[in-house]
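Trainee: Just need the structure, nothing else, for what follows:
(2 chains)
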Amino acid sequence: MSNKKQKIRIWDLPTRIYHWLQLLVVVGALLSGFFAPEWWLGIHVWLGYGLIALLVFRIAWGFFGPEYSRFSSFIFSPKTLISHIKGIKEGKPLHFFGHNPLGALMIFALIAVLLGISLSGLINLGGVENQGALAGFVDYATGDIAGKVHLFLAFALIAMIFLHILGVVVEGKISKSNLTKSMIDGDKPLLEGEKAPILRPTLFVPAILSIAGIGLILVVGSVSMSKVPASGFIAMPISQTYQSECSDCHIIYHPSLLPKNSWAIMMDDLSEHFGEDASLDDETRDIIANYLVRYSAENWDSEAANNLLLVDKEKPIQITATAYWKLRHAKIDEEVFKSKPVRTAANCEACHSDAKTGRFADENISIPKPKKQP
Amino acid sequence: MRNLLIIISILAFFPAMAASAGPREDVIAQLETLAKSDDANFSGFDAARGKKLFSAKFSTGKPETPSCTSCHSTSPKNAGETRAGKAIDPMALSKTSDRYTDPKKVEKWFRRNCNSVLGRECTPLEKGDFLAFMISQ
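Mentor: Residues are numbered from 1 along each chain as shown, chains lettered A, B, ... in the order given. Prediction:
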């Protein structure tokens, strides 16, 4: 039997499926994160959960998988690393069946960055959007910082993906083998006269048990953690007086949408209310004023409340005049606001189906198509 | 037996009696009293005058709302719309049967809307005329 065409199985099927699925998930998450409109957040988050599932598999496989998937097979000493780099420089690289020392560093870095991205995303989701497993545990400020980390890691990931591809191309050239092909069919050819090494087999039972165990802990843990009420939201009784007296002309604005000073100023002069007289008898007015001040923006830790604290100096009682509101709605055409069914920028409910709750979650945004006026 | 019949007929007629001197009539009656004390020659509300008030354009109020029709649409039988896009049920009694029954509500909106449109309170005569027009519609 000629040993010329002999091959050796480097990447088993699960590892290959994992690799290409992860490519899809990461590309999808990057695209939805950078380019999709806000209301795609749900899709982005589900891609994130998918990524976590893939990482759980990869880590279990790193301990119990086949030889070259195991972390221990690609932890190299600094000495090996240096001689590997020297070898590349001299055009006589050392030969490795699995990851080479530089590639191995990239794999560990990628796994670390992907874990970091998942975690920072989850913290951001909990703190800023008040959603997910951490909604009850993280405040807005922490979530905001995590968001910045998330973004930074995303840029780092893009750079690393390019380096990873570069590495595959360069190593392929040097070792005259098609690395991409072996991530598809799983095999690498044996060099002439080279003996197939003895490979540790997959330990299926511990692998499956640890995947199932970690998966169970994550799912049960996050489901029970998401039962904790979102920390940004406090319990607020419904005021019948507010609901009935302030809803004749427009939607009911959630009290968290303006700071207490603004509500006080507004309630002080209802006879000059955005070009209309909205005056009330003093008793009713005081009930509503107290309610709005009691539950003003200062009392909430939601995304909207945190950002709407900073009102416009000239128009302190107008939500739509705040710098934050203008910034978030800058891309929307004036025509959309004017025409039915929106009619005015102040009609938050036309585009935010959860406006009543003060949440303004990304998934609950949808701009209705303008209707032609009859 | 006769007594029972009397009781039943009283009970049967009671809702009708209540309606004939209901809260809407009270609102009108009170406006009539006020109108009389303003003008001794007062001789009843006039739907035609009310119609004029409803469609007239004023420049004395807030620029955003020159007329009652700015919000209540040009016909009392049509639904109106506030400036913030919220629908207002038609003002005509034939279209919205529970209108003008809550004296506090009627007073509140006359105060607000007259101030917005005319820049002043409406007189009892204007209010009564307006209601007469809406009830006739």
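
Trainee: Check the spacing between A:Ala156 and A:Ser279 real quick.
Mentor: Distance, A:Ala156 to A:Ser279, by C-beta to C-beta, to the nearest Å: 58 Å. Quick note: C-beta positions are derived from backbone N, CA and C, even for glycine.

Trainee: In terms of packing, which of those two has more residues around it?
Mentor: Of the pair A:Ala156 and A:Ser279, A:Ser279 is the one with more neighbours under other C-beta atoms under 10 Å in any protein chain shown, namely 17 against 14.

Trainee: how about the host helix or strand of B:Leu131, does it reach chain A?
Mentor: Counting by DSSP states H and E, the element that carries B:Leu131 is helix B:124-136. No: figure legend: helix B:124-136 not in contact with chain A (C-beta under 8 Å from any C-beta of the partner chain); closest approach 15.5 Å.

Trainee: Residues contacting that helix, please?
Mentor: For helix B:124-136, the surrounding residues in contact (C-beta atoms under 8 Å, 6 or more residues apart in numbering or on different chains) are B:24, B:27-28, B:31-32, B:34-35, B:38-39, B:42, B:45-51, B:53-54, B:68, B:76, B:91-93, B:99-100, B:106, B:110, B:114, B:122.

Trainee: rerun at 7 Å
Mentor: With contacts defined as C-beta atoms under 7 Å, 6 or more residues apart in numbering or on different chains, helix B:124-136 is touched by B:28, B:31-32, B:34-35, B:38, B:45-47, B:49-51, B:53-54, B:76, B:91-93, B:99-100, B:110.

Trainee: Ok, stretch A:109-122 next?
Mentor: By C-beta under 7 Å, 6+ apart, the residues outside stretch A:109-122 that reach it are A:48, A:51-52, A:55, A:58, A:132-134, A:146, A:149-150, A:153-154, A:156-157, A:160, A:164.

Trainee: Find me the pLDDT at the residue in chain B positioned nearest to chain A, would you?
Mentor: Closest approach between chain B and chain A, counting by C-beta to the nearest C-beta: B:Gly85, at 3.0 Å. Note on B:Gly85: pLDDT of 88.

Trainee: and what of the one 10 residues further on?
Mentor: B:Lys95 is assigned 94 on the pLDDT scale.

Trainee: need the contact list for it.
Mentor: B:Lys77.

Trainee: Point me to the helix or strand that includes the residue in the stretch 201-350 of chain A that chain B sits nearest to.
Mentor: At 3.0 Å from chain B, A:Arg343 is the closest residue in the stretch 201-350 of chain A, using C-beta to the nearest C-beta. A:Arg343 belongs to no helix or strand when assigned by DSSP H and E.

Trainee: That one touches B:Gly85, doesn't it?
Mentor: Yes: if you go by C-beta atoms under 7 Å, A:Arg343 and B:Gly85 touch, sitting 3.0 Å apart.

Trainee: which SS state does A:Ala156 fall under?
Mentor: State at A:Ala156, reduced to three classes by DSSP: H, G, I helix; E, B strand; the rest coil: helix.

Trainee: So which residues of the stretch 101-250 of chain A form helices?
Mentor: A:101-127, A:140-175, A:179-185, A:204-226, A:240-245 (DSSP state H, counting those that start in this stretch).

Trainee: same thing with chain B?
Mentor: B:2-20, B:23-38, B:47-55, B:69-72, B:103-118, B:124-136 (DSSP state H).

Trainee: low-confidence ranges in chain B?
Mentor: For chain B, residues meeting the criterion pLDDT under 70 lie at B:1-21.

Trainee: Write out the residues of it neighbouring chain A.
Mentor: Contacts of chain B with chain A, taken as C-beta under 7 Å from any C-beta of the partner chain, map to B:Lys62, B:Glu64, B:Thr65, B:Thr82, B:Ala84, B:Gly85, B:Lys86, B:Arg111, B:Arg112, B:Asn115, B:Ser116.

Trainee: Quick one: neighbours of the closest residue to the third one other than its chain neighbours, just the number.
Mentor: The shortest distance from B:Thr65 to any residue that is not its chain neighbour, by C-beta to C-beta, 6 or more residues apart in numbering or on different chains, is 4.6 Å, and that residue is B:Ser116. B:Ser116 has 23 neighbours, counted by other C-beta under 10 Å.

Trainee: Also the one 10 residues further on?
Mentor: The local packing count at B:Glu126 equals 20, with neighbours defined by other C-beta under 10 Å.

Trainee: how close does it sit to B:Lys52?
Mentor: 10 Å.

Trainee: if we take the residues of chain B next to chain A, which one ends up nearest to A:Pro370?
Mentor: A:Pro370 has its nearest neighbour among those in B:Gly85, at 12.8 Å by C-beta to C-beta.

Trainee: follow-up on the earlier one: most neighbours out of the residues of chain B next to chain A, which is it?
Mentor: B:Ser116 (23 neighbours).

Trainee: Tell me which stretches of chain A form strands.
Mentor: Under the criterion DSSP state E, chain A contains strands at A:7-9, A:187-189.

Trainee: For the last one, buried residues please.
Mentor: Buried residues in strand A:187-189, defined by neighbour count with 16 or more other C-beta atoms under 10 Å in any protein chain shown: A:Lys188.
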